[in-house]
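K.L.:
quick check, what structure comes out for this input:
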Amino acid sequence: MADKKGAGGTAQVVEALVKPVVEGMGLRIWDVRFEKEGPDWFLRIYLDGDGCPLDMDACEAATRAINPVLDEADPISQSYYLEVGSPGLGRRLTREEHFEAKCGEKVRAQLIRADEQGRKQVAGILLGKEGTSVHLALEDGSKVVLDAKQVSAFRLCDDEDLF
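P.N.:
This next block holds a predicted model:
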């Protein structure tokens, strides 16, 4: 069973199983997470659509399409709760394709440790990512390069949340 490989392996197996179903609906997988919260496990599948927000009907339809695939393949031996939804505005950027797709948009980086200026967060316009270097344009017009290994999370943010 996939879950014996760890939560990351389970997420990869599930993503491979449901990706054709999701793409057949005109959607794409943003992220898959298999996470433990208290005594319970949650399989969270975050979906995205090109230029159209995901509403409850789309999430429900995706859940109905995904469930039979997971039931038949049975990739997770333990009980879990399935959640299918949109990553939302504050979505995390975790994959290379996320950084490519969201280049030019507003992001906030939560630093693991304060930087030389004492900041724990840095917000700006995403200019790109090369290897582990993430380039941002700040409000004052300056540019900063962050080492992704020193950042706990990159998230999209709106104008009020930016500066």
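K.L.:
all contacts plus neighbour counts: C-alpha atoms, from now on.
P.N.:
OK.
K.L.:
what's the burial count for the closest residue in space to residue 33 that isn't next to it in sequence?
P.N.:
In this structure, residue 33 finds its nearest non-sequential neighbour in residue 44, 5.1 Å apart by C-alpha to C-alpha, 6 or more residues apart in numbering. Number of residues near residue 44 (other C-alpha atoms under 10 Å) recorded here: 20.
K.L.:
did I read that right, residue 44 in a strand?
P.N.:
Yes. Residue 44 forms part of a strand when assessed by DSSP: H, G, I helix; E, B strand; the rest coil.
K.L.:
could you give the bridge partners of it?
P.N.:
Bridge pairing for residue 44 (DSSP bridges) gives the partners residue 33, residue 83.
K.L.:
ok, it touching residue 83?
P.N.:
Yes. With contact defined as C-alpha atoms under 8 Å, residue 44 counts as touching residue 83 (4.8 Å).
K.L.:
in which helix or strand would I find residue 10?
P.N.:
Using DSSP states H and E, residue 10 sits in helix 7-24.
K.L.:
now that helix: buried residues?
P.N.:
Residues of helix 7-24 classed as buried: 7, 10-11, 13-15, 17-18, 21-22 (neighbour count, 16 or more other C-alpha atoms under 10 Å).
K.L.:
I'd like the residues you listed laid out as JSON lines, including distance to residue 57 and pLDDT.
P.N.:
Output for the buried residues of helix 7-24, formatted as JSON lines (distance: C-alpha to C-alpha, whole Å; pLDDT from 0 to 100):
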{"residue": "7", "distance to residue 57": "28", "pLDDT": "60"}
{"residue": "10", "distance to residue 57": "26", "pLDDT": "92"}
{"residue": "11", "distance to residue 57": "24", "pLDDT": "93"}
{"residue": "13", "distance to residue 57": "26", "pLDDT": "96"}
{"residue": "14", "distance to residue 57": "22", "pLDDT": "96"}
{"residue": "15", "distance to residue 57": "21", "pLDDT": "96"}
{"residue": "17", "distance to residue 57": "22", "pLDDT": "97"}
{"residue": "18", "distance to residue 57": "18", "pLDDT": "97"}
{"residue": "21", "distance to residue 57": "16", "pLDDT": "96"}
{"residue": "22", "distance to residue 57": "14", "pLDDT": "95"}
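K.L.:
which single one of those is nearest to residue 49?
P.N.:
Closest approach to residue 49 among the buried residues of helix 7-24 (C-alpha to C-alpha): residue 22, at 10.0 Å.
K.L.:
show me the contacts for the closest residue to the closest one other than its chain neighbours.
P.N.:
Counting by C-alpha to C-alpha, 6+ apart, residue 28 is the residue found nearest to residue 22 once chain neighbours are left out, at 6.0 Å. Neighbour list for residue 28: 19, 22, 47-49 [criterion: C-alpha atoms under 8 Å, 6 or more residues apart in numbering].
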